[in-house]
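> coords please:
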Amino acid sequence: MFDELLFRFPLHIQLPSLNQVLEDIPYHLKFFLKEKPIRYIRYFFILKTTFHQWAGNLLELEHYLEQAMVYYHSMALEAGFKGGEEVFGEKRLRYYQDVLKGEWWYYPYRFKPGFTESLPYILNQTDFRKQLIDQNLVIPLLGEEPGFLVLDLKDPEFELKAIRIYNLFQKFMETGKSYITQGRQ
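Sure thing, here's the model as predicted:
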């Protein structure tokens with residue numbers, strides 16, 4: 001009798017590609033990582049996930065996060081960085097490791113045009129990192145060292161800060177295009 005009650009409706013649901021909803025990526029990151037033993041994410045990880053050309057939707061993002069979790073399972077920062085133990089009150093600071101060159105073997109990044117070309121210029125010849133700190137978008141664990149600027153996943157404004165980091169980098173990319181073009185000539 002129950003079998004007779006089941007109907008099939010020809011309903012087609014299409015999930016948009018993550019490229020179409022970039023502003024949602026920080027919300028998805030927080031959702032996928034909330035049950036994991038990770039508290040901090042490097043700002044560079046936000047840039048990589050927002051400037052990556054996603055071919056799929058949430059399943060691709062979740063698969064990427066699972067691969068990264070396996071690869072960086074045991075990596076942690078010890079307390080003792082500038083303000084680390086006092087600020088967070090933890091013996092070990094867990095963070096989402098993201099060394100760009102080290103990840104190529106397990107995840108083939110496809111960045112948007114201009115990202116990899118402008119990255120060295122923005123990180124080395126502008127005050128991008130200083131603005132991140134001044135605008136209170138990141139937590140500097142070790143001064144302005146680029147690898148130790150992190151976002152707290154438990155921060156209620158995590159998503160907004162991540163989007164502001166993306167927008168700030170986008171602005172720096174636009175202003176740096178002329179410099180990069182002149183450097184090639």
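> could I get the full set of helices for this structure?
For the chain, the helices defined by DSSP state H occupy 2-5, 25-33, 43-51, 58-71, 84-88, 100-103, 115-125, 128-134, 158-184.
> quick one: buried residues of the fourth one?
So that's helix 58-71. 58, 61, 64, 65, 68, 69 (16 or more other CB atoms under 10 Å). The way it works is simple: take the backbone N, C-alpha and C, and place the C-beta from them, glycine included.
> picking that back up, check the helices of the chain for me: which has the lowest mean pLDDT.
Mean pLDDT is lowest for helix 84-88 out of the helices of the chain, coming in at a mean of 35.
> circling back: output the buried residues of helix 58-71 as JSON lines; include the columns distance to residue 21.
Formatted as JSON lines, these follow (distance: CB to CB, whole Å):
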{"residue": "58", "distance to residue 21": "10"}
{"residue": "61", "distance to residue 21": "11"}
{"residue": "64", "distance to residue 21": "16"}
{"residue": "65", "distance to residue 21": "17"}
{"residue": "68", "distance to residue 21": "21"}
{"residue": "69", "distance to residue 21": "23"}
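> wait, which of these is closest to residue 163?
Using CB to CB, residue 61 comes nearest to residue 163 of these, at 15.9 Å.
> if I look at the closest one, how far off is residue 32?
Residue 61 is 7 Å from residue 32, where distance means CB to CB, to the nearest Å.
> swap in residue 9?
Taking CB to CB, one finds residue 9 at 30 Å from residue 32.
> who has more neighbours out of the two?
Neighbours were counted for residue 9 and for residue 32 using other CB atoms under 10 Å; residue 32 has more, 16 against 4.
> wouldn't the more buried one be in contact with residue 65 here?
Yes. Assessed by CB atoms under 8 Å, residue 32 is found in contact with residue 65 at 5.2 Å.
> that older thread, among the helices of the chain, which comes closest to residue 142?
For the helices of the chain, proximity to residue 142 was assessed by CB to CB; helix 84-88 is nearest, at 8.3 Å.
> give me the neighbour count for residue 8.
Neighbours of residue 8 under the rule other CB under 10 Å: 5.
> before we move on, what about the one 10 residues further on?
Neighbouring residues of residue 18 were enumerated by other CB under 10 Å; the total is 21.
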